[in-house]
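Undergrad: here is my input; please provide its structure:
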Amino acid sequence: MHYFHRQIQLWGEETQTLLQTKKIAIIGSGGLGSSLAFALGASGIGEIHMVDFDEVSLHNIHRQIAFKMGDEGKNKAVLNAQLIEARSPYVQAIAHECNFDTFSKKNIDLDLIIDATDNLPSRGDINNYAKSKNIPWVYGSVEAFNGQVCFFEESSFVDVFKITQKTPAGIAAPIVMHIASLEANLALRYLAGLSVKKDLLYYLFFNNDGELITQKFHMPKA
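TA: Numbers count the residues shown, from 1 in each chain. Okay, here's the model as predicted:
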């Protein structure tokens, strides 16, 4: 409990103990996934499943904060799981070196799924799986200087977004970390039993003057 002292000041020992019973999956272990691993990995969640088939490339490192020079060619999920357990031995981190379709066939009991992918088809698959298992999930996407976050429960991603193979634009590290932080806050509040605004899409972007603008959109029920 001394390790989690500052969190316990927020919500008490009972809630911190509750977190130890929770199981989550982070789908994608790159930019968003790395930041989520840092934000949630030392929070005391009992079991975190990191899912990614991909290996680190040189061009990933500037925005994928779990990786360093020399990690090229290593699996991203494995490195993130190792990082989580190195920072907090109270959390069990499990790496899955596979895509989401393969992971979903393992039928692991989960309390929450967090999207850290970079494409619409994968998010559609996460949505459909989450609906079939009655599991809520947190959506996050980032591109250039904008991003989106939503806690999906009753709404359906595939009813709102057109599923295409659109290639993301350029990206900088701070906006990736910002969107991952918002995802992590929603996830941790939900797992701790605190109130969370569900089925509300947050769209955030920096305008040409560098001002952060936040817009909110209510998602229709599925």
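Undergrad: okay, strands next: where are they in the protein?
TA: Counting by DSSP state E, one finds strands in the chain at the ranges 23-27, 47-51, 92-96, 112-115, 137-143, 146-152, 200-206, 212-218.
Undergrad: closest to residue 62 out of the ones you listed?
TA: strand 137-143 (14.0 Å; C-beta to C-beta). Every C-beta, even on glycine, is put in place using the N, C-alpha and C of the backbone.
Undergrad: report all helices and strands that that closest one contacts.
TA: helix 31-41, strand 112-115, helix 120-133, strand 146-152, helix 173-191 (3 or more C-beta pairs under 8 Å, 6 or more residues apart in numbering; DSSP states H and E).
Undergrad: want to throw the ones you listed into JSON lines with distance to residue 215 and mean neighbour count?
TA: Output for those, formatted as JSON lines (distance: least, C-beta to C-beta, whole Å; neighbours: other C-beta atoms under 10 Å):
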{"stretch": "helix 31-41", "distance to residue 215": "20", "mean neighbour count": "25"}
{"stretch": "strand 112-115", "distance to residue 215": "20", "mean neighbour count": "25"}
{"stretch": "helix 120-133", "distance to residue 215": "20", "mean neighbour count": "18"}
{"stretch": "strand 146-152", "distance to residue 215": "10", "mean neighbour count": "23"}
{"stretch": "helix 173-191", "distance to residue 215": "14", "mean neighbour count": "21"}
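Undergrad: would CSV of the ones you listed with distance to residue 219 be doable?
TA: Putting the helices and strands packed on strand 137-143 into CSV (distance: least, C-beta to C-beta, whole Å) gives the following:
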stretch, distance to residue 219
helix 31-41, 20
strand 112-115, 15
helix 120-133, 11
strand 146-152, 7
helix 173-191, 14
